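Visitor: model this:
(one chain, ligands or ions: 1)
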Amino acid sequence: MAVLPMRMLPDPILRQKAKRIRNIDASLLRLINDMIDTMQAAPGVGIAANQVGDLHRVMVIQLPDEEPIVFINPEITERSGEREVIEGCLSIPGYQGYLKRSITVKARGLDLHGKLFKVRADASTESERDALFAEALEHEIDHLNGILYIDHLESHESLHKLEPETAQVQASS
Ligand code: NI
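Guide: Below you'll find the predicted structure:
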């Protein structure tokens with residue numbers, strides 16, 4: 001278990017597409033444990049393998065007061081609606097941006113035992129947990145495809161530099 005160095009923009013690995021995982025072996029489980037440690041140390045609500053310099057297709061999301069959820073080979077199966085969110089990223093410290101995300105997101109992935117599971121997050125329910133979950137699912141799966149939240153900004157003015165004392169207020173992933 002270890003906290004790994006966070007890869008920051010403009011590290012080219014953040015722009016690479018992570019590769020599908022075929023075997024869940026000991027080295028992958030070690031990577032996942034280290035990703036959880038790194039996410040919790042940041043702290044963040046999610047992390048994708050690219051952010052710790054690895055291109056396995058794996059991500060972890062941890063919502064407030066919940067256990068981490070590990071997604072191997074995750075994919076979004078359905079998304080609908082549009083809403084504006086304020087988002088940050090552990091790989092782009094000190095900034096946050098206004099962008100559009102989906103209201104409802106359905107995704108699936110494999111768990112640590114290779115078993116398929118499905119999740120659904122619906123931000124229209126006024127549930128803060130679902131709103132954060134839907135956002136994190138899109139944010140982390142974007143990471144695995146080499147996409148960053150800044151790619152979704154409508155204009156340069158949508159990006160804001162944070163004052164150091166407020167930099168930790170907005171959840172990043
Ligand atoms: Ni991020």
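Visitor: show me the contacts for the spatially most central residue of the chain.
Guide: In the chain, the residue lying closest to the centroid (CA atoms, centre = their mean) is residue 140, at 2.7 Å. With contacts defined as CB atoms under 8 Å, 6 or more residues apart in numbering, residue 140 is in contact with 46, 47, 48, 59, 60, 61, 71, 74, 173. C-beta coordinates here come from the backbone N, C-alpha and C atoms, glycine included.
Visitor: quick one: the last one and residue 72, what's the gap?
Guide: It refers to residue 173. As for residue 173, its distance to residue 72 is 18 Å (criterion: CB to CB, to the nearest Å).
Visitor: could I get the contacts of residue 140 as JSON lines with secondary structure?
Guide: As requested, those are exported to JSON lines (DSSP: H, G, I helix; E, B strand; the rest coil):
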{"residue": "46", "secondary structure": "strand"}
{"residue": "47", "secondary structure": "strand"}
{"residue": "48", "secondary structure": "strand"}
{"residue": "59", "secondary structure": "strand"}
{"residue": "60", "secondary structure": "strand"}
{"residue": "61", "secondary structure": "strand"}
{"residue": "71", "secondary structure": "strand"}
{"residue": "74", "secondary structure": "strand"}
{"residue": "173", "secondary structure": "coil"}
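Visitor: may I have stretch 138-153 exported as CSV, CA atoms only?
Guide: C-alpha atoms of stretch 138-153 as CSV (Å, rounded to 0.1, in the frame of the first residue of the first chain):
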residue,chain,number,x,y,z
GLU,A,138,-18.3,10.7,-16.3
HIS,A,139,-15.1,12.4,-15.0
GLU,A,140,-13.2,9.1,-14.3
ILE,A,141,-14.3,7.3,-17.4
ASP,A,142,-13.2,10.4,-19.4
HIS,A,143,-9.8,10.1,-17.7
LEU,A,144,-9.5,6.5,-19.0
ASN,A,145,-10.2,7.8,-22.5
GLY,A,146,-7.6,10.6,-22.2
ILE,A,147,-10.2,13.3,-21.8
LEU,A,148,-10.0,16.0,-19.1
TYR,A,149,-12.8,18.2,-17.8
ILE,A,150,-11.2,21.3,-19.3
ASP,A,151,-12.0,19.7,-22.7
HIS,A,152,-15.7,20.3,-22.0
LEU,A,153,-15.4,24.0,-21.0
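Visitor: isn't there a helix covering the residue nearest to the centre of the chain?
Guide: Yes: under three-state DSSP, residue 140 falls within a helix.
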